[in-house]
Every structure is written in structure tokens, then in C-alpha cells.
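Student: Need a 3D model of the following:
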Amino acid sequence: MRLITSPWPPSAFYDANGHPTGIAVDMVTALKDQMGLSTPIEILPWARGYKIAEAKPNILLFTAGRTQERLDAGFEFIGPAIMWTHGLLVKNGSELTIESLEDARQQGITAVGVRGSWQVKLLKKAGIQTVETSDQGTGARMLLADRVDVWITSSLQASAVLKEIGVPTSEAKTVFTVRKSPSYLMISNGTDPKLLKKWRTAYEELKQSDTLQGIAKNWSDRLGVPLTYRPEDGFSAVGSGEDGTG
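Tutor: Now for the predicted structure:
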């Protein structure tokens, strides 16, 4: 199985030494260790990774939303891995208020999001002018530089991205919650059934161990955000969003 993720902190990103790290990276690494695998984890732009997963079998792409479009395309899902609360964030001090996506469209706001993500597709479908970037850090910088009105991301992710670029987390705030959605380990159509079963079994066994709670504690300490792991949700941030998820 080829293992691909995208730059999506704190789920997946490069550490100071250029090595993949993150909450989901640690989960997949734990699964690799459990199965005795040494397959490297690749970090590629989301749009590129998704294109590879669309075209080839035996690809594990993480993490990904379990959408009907992807189910129809034959993708399989393991998880959930991380629960996100996605929203529209504004720069601290902004007086912008948003009641709905239609309200955002009528106000003529400009948003920024990651190229190829469902968030960007959702905003475009709603008729909202959207700038696409290859990573979340660029979106944060554009918001803080007043180049866009809102940044679509999750509260947990915003905290990690702002910390990564050396900005206080208070510099951005959520003005409208779009949705709460779990993300999964997504496996491409046509994957060898034996491989798929092997990964599913490993995940079920991992849930019964203390490893995932250990990962949650480690990232709680690193991010300064209390995290937990629940089998029904995956990893989530306690109290970081309106409904208590990241």
C-alpha cells in the first residue's frame, strides 16, 4: 500500500527536520508498526494525492471526508481518524458577521481554502468567490494580510497553523460554523482485498490498545489543546469548537 497524506496541520505536516509528523501520521505509523511495515509516508499537495488515488489501486490517502461522491467512485474508508469542526474564520478585530453561506455570497466576501478540498468545492457551489492555495499556512497568511475576508478551516487546524507560522491563535476567530465532519483513512478503488482487510483488522486492533490515547496526550502537550480519542469520532479537541470538537 502506498501511503499518501497532504500538508494539513496538525493532522500531517513536515517537522523541523523535514520528516512527516502529525496526529494522523502518528496513527498511520502506529498501524505500520503493528503490521511490521516500513513503507514511507509521502506528503503531497491534496489535489495531487487525490488524483493519484483516483487513478491507481493500493493507495491509502489520509485523512479524507467520507462523501457520497467518493463512495460512488469506489473508495473504501477506515476510521474515523479525526473529527473536524469546519468554519469560516475572520481576522481578529473584523466586524464581519455571517449567518449562512448564502449570506456570505450576498455580502460578496472572498474566501481562501486548500485547492481540491471539499471546503473549496462547497464554497464555489454556494457562489462564494474563493481563492485556492496549496496549503493552510498560505491561507492563514492571506487572511492576516487582509487579502481575503475569510479562511475556511477547522478550529483545531487553525490553532496549529497559526502556532506554526508564529502567530497567536487569538488572531483568527470563527464567525460561522459550516459543518462537523469526521475524516478517515481512505483507500483507493481496486485495492487488493487482502490488503484492505489487513489494514481494517489492524485498525480494529489498534482501537483496543492504549496507543491512540497516548497519541492524543502527546499532541495535547505539543499543541496546548486538550485532545482525546473516541472510536466513534477519532481524535478531537475538547472544547475547541461550538460542539466540543476540533
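
Student: Residues touching the worst-scoring helix or strand of the chain on mean pLDDT, excluding its own?
Tutor: Counting by mean pLDDT, DSSP states H and E, the weakest-scoring helix or strand in the chain turns out to be helix 155-164, with a mean of 85. Outside of helix 155-164, the residues within contact range by C-beta atoms under 8 Å, 6 or more residues apart in numbering are 8-11, 13, 82, 84-85, 87, 89, 136-137, 139-140, 151, 153, 168-169, 171-172, 174, 223-225, 236-237, 240-241, 245-246. Quick note: C-beta positions are derived from backbone N, CA and C, even for glycine.

Student: Specify the local secondary structure of F235.
Tutor: Of the three states, F235 takes strand under DSSP: H, G, I helix; E, B strand; the rest coil.

Student: And what about the closest residue to it other than its chain neighbours, helix, strand or coil?
Tutor: The spatially closest residue to F235, leaving aside those adjacent along the chain, is I82, at 4.8 Å (C-beta to C-beta, 6 or more residues apart in numbering). The local conformation at I82, judged by three-state DSSP, is strand.

Student: W151 too?
Tutor: Assigned by three-state DSSP, the conformation of W151 is strand.

Student: check contacts around the closest residue to it other than its chain neighbours.
Tutor: Computed as C-beta to C-beta, 6+ apart, the closest residue to W151 that is not its neighbour in sequence is L143, at 4.2 Å. Contact analysis of L143 by C-beta under 8 Å, 6+ apart lists 89-91, 112, 150-151, 172.

Student: In the protein, spot the helix with the most residues.
Tutor: The helix that spans the most residues within the chain, counting by DSSP state H, is helix 193-207.

Student: If you count neighbours, what's buried in the helix or strand following that one?
Tutor: Tracing the chain C-terminally past helix 193-207 and defining elements by DSSP states H and E, one meets helix 211-223 next. For helix 211-223, burial by neighbour count (16 or more other C-beta atoms under 10 Å) applies to 211-212, 215-216, 219-220, 223.

Student: Dump those to JSON lines, plus distance to D192 and pLDDT.
Tutor: Listed next are the buried residues of helix 211-223 as JSON lines, based on distance: C-beta to C-beta, whole Å; pLDDT from 0 to 100:
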{"residue": "T211", "distance to D192": "26", "pLDDT": "97"}
{"residue": "L212", "distance to D192": "26", "pLDDT": "97"}
{"residue": "I215", "distance to D192": "27", "pLDDT": "97"}
{"residue": "A216", "distance to D192": "31", "pLDDT": "96"}
{"residue": "W219", "distance to D192": "32", "pLDDT": "93"}
{"residue": "S220", "distance to D192": "36", "pLDDT": "90"}
{"residue": "L223", "distance to D192": "36", "pLDDT": "83"}
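
Student: just those now: which is nearest L101?
Tutor: L223 (28.8 Å; C-beta to C-beta).

Student: got the residue ranges for the strands in this structure?
Tutor: In the chain, the segments counted as strands under DSSP state E are 2-5, 13-14, 20-21, 41-43, 59-65, 76-91, 110-114, 129-133, 150-154, 172-187, 227-230, 234-237.

Student: averaging pLDDT over each of those, which comes out lowest?
Tutor: Of all these, the minimum mean pLDDT falls on strand 234-237 (a mean of 87).

Student: Can you list the helices and strands that that one packs against?
Tutor: In this structure, strand 234-237 packs against helix 23-35, strand 76-91, helix 155-164, helix 211-223, strand 227-230, with contacts taken as 3 or more C-beta pairs under 8 Å, 6 or more residues apart in numbering; DSSP states H and E.

Student: related to what we said a few turns ago, so among the contacts of helix 155-164, which ones count as buried?
Tutor: Neighbour counting over those (16+ other C-beta under 10 Å) leaves 8-11, 13, 82, 84-85, 87, 89, 136-137, 139-140, 151, 153, 169, 171-172, 174, 223, 225, 236-237, 240-241, 245-246 as the buried ones.

Student: if we can go back for a sec, who's the residue nearest to F235 bridged to?
Tutor: Legend: beta-bridge partners of I82 under DSSP bridges are S183, F235.
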